[in-house]
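Asker: How does the following fold in three dimensions:
(one chain, ligands or ions: 1)
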Amino acid sequence: MEIQEIDIDKHYKETGEVLTTDQKKRGLLIYAFQQIQKEHNYLPEDKLRELSKKLDIPLADVYSAASFYKHFYFKPRGKNVVCVCVGTACHVRGASKVLHKLEEEFGVKEGETTPDLSMTLETVGCVGCCGLAPVVTVNEEVVGDVGPKKVNEIIKRVKSADKVKS
Ligand code: FES
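Answerer: Below is the predicted model:
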C-alpha cells in the first residue's frame, strides 16, 4: 500500500461525523503501520516520514504510537522468524542451550537478523505451552520438546527453505 493511497474519509463512513479530523488521522495510524509492515516486514523510516507528512502528525508521535506495540519493528526482519521461549519452564529444560546452538549456527545473537535476511532470531517470555518445554516457534509453528535432534532439524529446515511453512 502506498501512503498516498490512504483515504481518511473512506475509513470513517458513519463514525466520521462524530470524530474530529485529528482523531480520524490518529485512528488511522495502526492500520497504516499494519499495511506498511505487511509489505516491508518492518516499518522503514522513509515510510514513517511519509505517513507523518500525509497525516500531518509529528514524526515523534508516529514513532511513539508504533513503539507502544511490541508487534511493530523498526529494523528489517528475516523471512523466517525463529523464536526461542526462555520462560521459566523452558529455561529449566534447557532453552539456553537451544538458543546458543541457534546463535552459533546462524552467526547472530538474540534479536538479530542474518545479513541475507533469511532469518531473525528472537526470544519470548512464554508461549503458553509449558508442558512442551523447551519450545521454539518457527514462524507460526510451535515445536516442542526441542532437544539436539530437533534443533538440528529446525536449522536444516530454515537453511534450506526460502520461507518455512507450517
Ligand atoms: S515457559 Fe516456555 S512455553 Fe511457557
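
Asker: who in the protein is up against the ligand?
Answerer: The chain has residues 85, 87-90, 126-130, 133, 135 near the ligand, with proximity defined as C-beta under 6 Å from any ligand atom. Using the backbone N, CA and C atoms, a C-beta is placed for each residue, glycine as well.

Asker: Kindly recompute the last result at 8 Å.
Answerer: 85-91, 95, 124-130, 132-135 (C-beta under 8 Å from any ligand atom).

Asker: Could you measure from Lys101 over to Ile3?
Answerer: From Lys101 over to Ile3 the distance is 41 Å, taken as C-beta to C-beta, to the nearest Å.

Asker: State the helix or strand in which Lys101 lies.
Answerer: Applying DSSP states H and E as the criterion places Lys101 in helix 95-106.

Asker: where does the residue in the chain positioned nearest to the ligand fall, phi/psi-wise?
Answerer: Sorted by distance to the ligand under C-beta to the nearest ligand atom, the residues of the chain start with Gly87, at 2.5 Å. The phi/psi pair for Gly87 (degrees, to the nearest 10) reads phi -70, psi 170.

Asker: What is the neighbour count of it?
Answerer: When neighbours are defined as other C-beta atoms under 10 Å, Gly87 has 18 of them.

Asker: Begin at 35, not 1, for the rest of this chat.
Answerer: Sure, I'll start counting at 35 from here, so that last one is Gly121.

Asker: got a list of what the residue lying closest to it once chain neighbours are set aside touches?
Answerer: Spatial nearest neighbour of Gly121, excluding adjacent residues (C-beta to C-beta, 6 or more residues apart in numbering): Cys160 at 3.5 Å. By C-beta atoms under 8 Å, 6 or more residues apart in numbering, the contact set of Cys160 is 119, 121-124.

Asker: same thing with Pro78?
Answerer: Ile70.

Asker: change it to 10 Å
Answerer: With contact taken as C-beta atoms under 10 Å, 6 or more residues apart in numbering, Pro78 is in contact with 70-71, 84, 108-110.

Asker: Only whichever of these are buried, select them in ChimeraX.
Answerer: Paste this into ChimeraX to select the buried members of the contacts of Pro78, with burial taken from 16 or more other C-beta atoms under 10 Å:
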select :70,71,84
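
Asker: Inside helices: which ones of the contacts of Pro78?
Answerer: In helices, judged by DSSP state H, the following of the contacts of Pro78 are found: 70-71, 84.
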